[in-house]
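J.: model the following, please.
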Amino acid sequence: MQTLMETNAEVVLATFTAVEERDREGLFGLFHEDVEFHDAPSLPYGGSFRGKEALREQLETAPETTWLGTWGPVQPTETERRMDPRVVATNGEEVTVLYTQRAMSPSGERFESPALGLYEVRDGKLARAQMFYFDTAGIVAFLERAAASGPARAAAAEAGPA
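T.: Prediction:
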């Protein structure tokens with residue numbers, strides 16, 4: 001029999017651990033059936049999204065429109081995946097976490113920026129996540145540069161002019 005985690009903060013921190021370890025099944029096990037995600041609309045994975053099964057389908061059919069699909073390619077090692085989450089407040093069902101978003105482009109450019117997340121836990125599961133990034137314009141610019149320096153582009157550059 002599976003036991004519920006002792007506190008809502010533990011549920012949220014376990015979610016961070018699953019993301020850092022790229023434990024997709026563990027992550028989905030922590031999600032409420034009606035889990036909601038809210039990110040700044042300007043981000044490649046931005047907007048609002050609802051439902052665990054809908055998210056699973058999106059990861060399978062259009063991963064580039066998800067947080068995991070966007071950040072996965074620029075987080076090749078544990079160093080980039082490490083988020084150093086720190087619970088800064090909790091009140092009933094809500095938990096606020098300060099964490100660091102890290103990445104490295106194929107050309108070696110590093111990115112690091114703080115973010116604040118507001119999470120809701122219901123029935124011992126993550127039910128809602130809303131992220132507030134310190135610099136969304138910086139994230140978008142980094143992701144665009146990373147995509148432009150990606151493996152396909154690097155291989156074309158090595159091949160020389162057509």
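J.: can you give me the strands for this protein?
T.: Ranges of strands in the chain, per DSSP state E, are 31-39, 47-50, 86-91, 94-104, 110-122, 125-133.
J.: which residues touch the residue nearest the centre of the chain?
T.: For the chain, the residue nearest the mean C-alpha position is W67 (4.5 Å; CA atoms, centre = their mean). Residues in contact with W67 (CB atoms under 8 Å, 6 or more residues apart in numbering) are F37, D39, Y45. Heads up, the C-betas are built off the backbone N, CA and C, glycines and all.
J.: apply 7 Å and report the result again.
T.: Y45 (CB atoms under 7 Å, 6 or more residues apart in numbering).
J.: go on, Q75?
T.: Contacts here follow CB under 7 Å, 6+ apart; on that basis Q75 touches R81, A103.
J.: let's go with 10 Å and repeat that
T.: V19, E20, R22, L68, R81, R82, M83, Q101, R102, A103, M104, F111 (CB atoms under 10 Å, 6 or more residues apart in numbering).
J.: save the strands of the chain as TSV, and put in mean pLDDT too.
T.: What follows is those, written out as TSV (pLDDT from 0 to 100):
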stretch	mean pLDDT
strand 31-39	96
strand 47-50	92
strand 86-91	95
strand 94-104	97
strand 110-122	97
strand 125-133	97
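J.: out of these, which is closest to G72?
T.: strand 94-104 (9.9 Å; CB to CB).
J.: buried ones in that closest one?
T.: V95, T96, V97, Y99, Q101, R102, A103, M104 (16 or more other CB atoms under 10 Å).
J.: which among the residues you listed gets closest to T7?
T.: Using CB to CB, those come closest to T7 at V95, 8.6 Å.
J.: ok, the residue nearest to the centre of the chain to Y133 distance?
T.: 11 Å (CB to CB, to the nearest Å).
J.: pull up the overlap in contacts between these two.
T.: With CB under 10 Å, 6+ apart as the test, W67 and Y133 both reach D39, L43, Q101.
J.: number of residues surrounding the second one?
T.: In terms of burial, L43 registers 16 neighbours under the definition other CB atoms under 10 Å.
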